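> following is a predicted model, sequence given first.
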Amino acid sequence: MDAANQALVIDIGSSSVRCGAVDDTGQLRALRSREVLPTTPSPGLVELDAHALIEAVLALSAEVIAEVGAVSCVGIANQRATTVVWDARDGQALGPAIGWQDLRTVGTCLELQAQGIRIAPNASATKIQWLIANVDSHTHPIEFLRFGTLDSWVIWHLSQGASHVTDLTNAGVTSLIDVTTCSWDQAMIEALALPASLFGTIVDSYGESARATALPGSPPITGILGDQQASLLGQSCVKCGDAKLTLGTGAMLDLVLGDTPPAEAKRNEHGTFPIPTWQHQGQATWGLEAIALSAGSCVEWLRDDLGIIESAEHSEAVAASVASAEGVTFVPALLGLGTPVWDFGARGLLMGLTRGSNRAHITRAVLEGIAQRARDLVDAAELDGGLAIERVRVDGGMSANDLFLDMLADALERPIEVAPVLEATVLGAGYAAGLGTGIFRDLDHIASLWSPRLTKEATMDPFFRGLAREAYLEARGRSERSIPGLSDIDF
């Protein structure tokens, strides 16, 4: 195939690195994957081997190029907010990468909050502080240190140290961005006593930003997106009102709004967050993100901890073996509730159990509860975004469960369109790279590539749908403030 018509894509997830090629028809080819698992040295800590990630990226990229031939460009998608600090003199990471889920800086965040500075522990800002505080300043003087989210770290190595850059979708989750200028917030950086030399240049999400001289042919890097924005683009959500729902370990609903920036980078009234969806030629497009902290992890709980299903895939057959959950209701709050209430002290709840309740009823209730939780996200996004979401595009591991998709369409009361690939982040990285180099003309071209695997419509009787929603909301209310001390913490 002509190199001008295909992009190499690199997708760095929470547990693996994937590489493939996307051609000018939007088809994904030669997908490769390597597991790079995080470690948890103690409760609340999440670390990754930053150099193992680079090894995987280089090895898999070489395999893909060997299969498909030369590529004209490179696109990168990555888990957001995971933080690396390295020495610019040799490119060596100074300690592990700190995962976005890591909670070691909760105390620091609370101290800053008392000073009027609101930073959540999942953002990069306090992770940077922690890493620098734990560096031997004699061996690694501060002026040689560099910070990056995983896109920056990978690009530094792909460019063999020539480029220190990030895009707005990744910079936007550091808590160090001025949303009015789409640049680093110098006042916040100074307040945290971080040197300006740590930070790379913020570049467009699509358009040439570096050259991957470590790869055959030294292709330009022309696409960079955080994972949820990559999934949004990968599902051709490019117009105001387009929304996608990714159902993995947790659930993320992202909604495209337009060019008007938010007044400030803080949580909205109904629990969503403003996000940049992408930036091109210095112009940012903005959207909203709603978050459920538990989704597919609840199915893993049924499998790994309760032992009532053999595999995640088995949940569909078990749930389908009964016509209903027989009044059993589940609230997926195993790690607390995100949007809309943001209650870290909420806990998962099963209610309505009787002597006749069995594993099928419980499994079905868990799937229904996740679908209802997704409805929470859609409702919040509509309220904060001030517009109606007519249909929702869906990807993620749970999108392989056909029975769950029926439940989801009924809970959302609108059509759902299922992505042609399980994880749309890879396609999104390819689309961004292709936009940056001319493989794809513009966002309208990306919109034309949408071809869902299937579409589901709501079929449940409206009366019973209303009863199901009422039962869930009653249960959700009871799950809140299960641990009041945690509930009182608000980032």
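In hand now; what should we look at?
> how close does residue 190 sit to residue 173?
Distance, residue 190 to residue 173, by C-beta to C-beta, to the nearest Å: 20 Å. C-beta here means a position set from N, CA and C on the backbone, and glycine is covered the same way.
> tell me how many other residues crowd residue 334.
Residues lying near residue 334 (other C-beta atoms under 10 Å) number 16.
> dump the residue contacts of it.
By C-beta atoms under 8 Å, 6 or more residues apart in numbering, the contact list for residue 334 reads 293, 294, 297, 298, 301, 347, 348.
> again, only this time at 6 Å
Applying C-beta atoms under 6 Å, 6 or more residues apart in numbering to residue 334 gives the contacts 294, 348.
> bridged to it, which residues?
Note on residue 334: beta-bridge partners by DSSP bridges are residue 336.
> and if you look at residue 184?
Residue 184 has these beta-bridge partners by DSSP bridges: residue 177.
> distance of it relative to residue 208?
21 Å.
> ok, now residue 128?
The value you get for residue 128 to residue 208, if C-beta to C-beta is used, is 27 Å.
> just residue 374 next, same as before
37 Å.
> and residue 75, by the same measure?
12 Å.
> ok, residue 434 next?
Taken as C-beta to C-beta, the span from residue 434 to residue 208 is 13 Å.
> same check, this time on residue 316
In terms of C-beta to C-beta, residue 316 sits 44 Å off from residue 208.
> and the two? Which one has more around it.
residue 316 (19 against 16).
> residue contacts, that one?
By C-beta under 6 Å, 6+ apart, the neighbours of residue 316 are 401, 403.
> now it, what's its secondary structure?
helix (DSSP: H, G, I helix; E, B strand; the rest coil).
> ok, now how distant is it from residue 364?
On the measure of C-beta to C-beta, residue 316 and residue 364 end up 10 Å apart.
> how much space between the residue nearest the centre of the chain and residue 29?
Compute the mean C-alpha point of the chain, and by C-alpha atoms, centre = their mean the closest residue is residue 228, 4.0 Å away. Distance, residue 228 to residue 29, using C-beta to C-beta: 24 Å.
> cool, and residue 156?
In terms of C-beta to C-beta, residue 156 sits 27 Å off from residue 29.
> quick one: which of these two has more around it?
Taking neighbours as other C-beta under 10 Å, residue 156 and residue 29 compare with residue 156 leading, 23 against 15.
> quick check, the more buried one in a helix?
Yes - assessed with three-state DSSP, residue 156 lies in a helix.
> now do the strand or helix carrying residue 464, average pLDDT.
Assigned by DSSP states H and E, residue 464 belongs to helix 462-479. Averaged over helix 462-479, pLDDT sits at 97.
> and the angle from the helix ranked longest in the chain to helix 462-479?
Longest helix of the chain, by residue count under DSSP state H: helix 359-385. Angle of helix 359-385 versus helix 462-479, following axes from the mean of the first three to the mean of the last three C-alpha atoms, to 10 degrees, is 90 degrees.
> helix or strand right after helix 359-385?
Defined by DSSP H and E, the subsequent element after helix 359-385 is strand 392-395.
> what about the residue nearest to residue 268 when sequence neighbours are not counted, neighbour count?
The shortest distance from residue 268 to any non-neighbouring residue, by C-beta to C-beta, 6 or more residues apart in numbering, is to residue 384 (4.1 Å). Per other C-beta under 10 Å, the neighbour tally for residue 384 reads 22.
> low-scoring pLDDT stretches of this protein, where are they?
1-4 (pLDDT under 70).
> would you mark the buried spots in the helix or strand residue 429 falls within?
Here residue 429 sits within helix 425-437, counting by DSSP H and E. For helix 425-437, burial by neighbour count (16 or more other C-beta atoms under 10 Å) applies to 425-437.
> list just the nearest of those residues to residue 342.
residue 425 (25.2 Å; C-beta to C-beta).
> how close does the closest one sit to residue 134?
Distance from residue 425 to residue 134, by C-beta to C-beta: 31 Å.
> how about residue 321?
52 Å.
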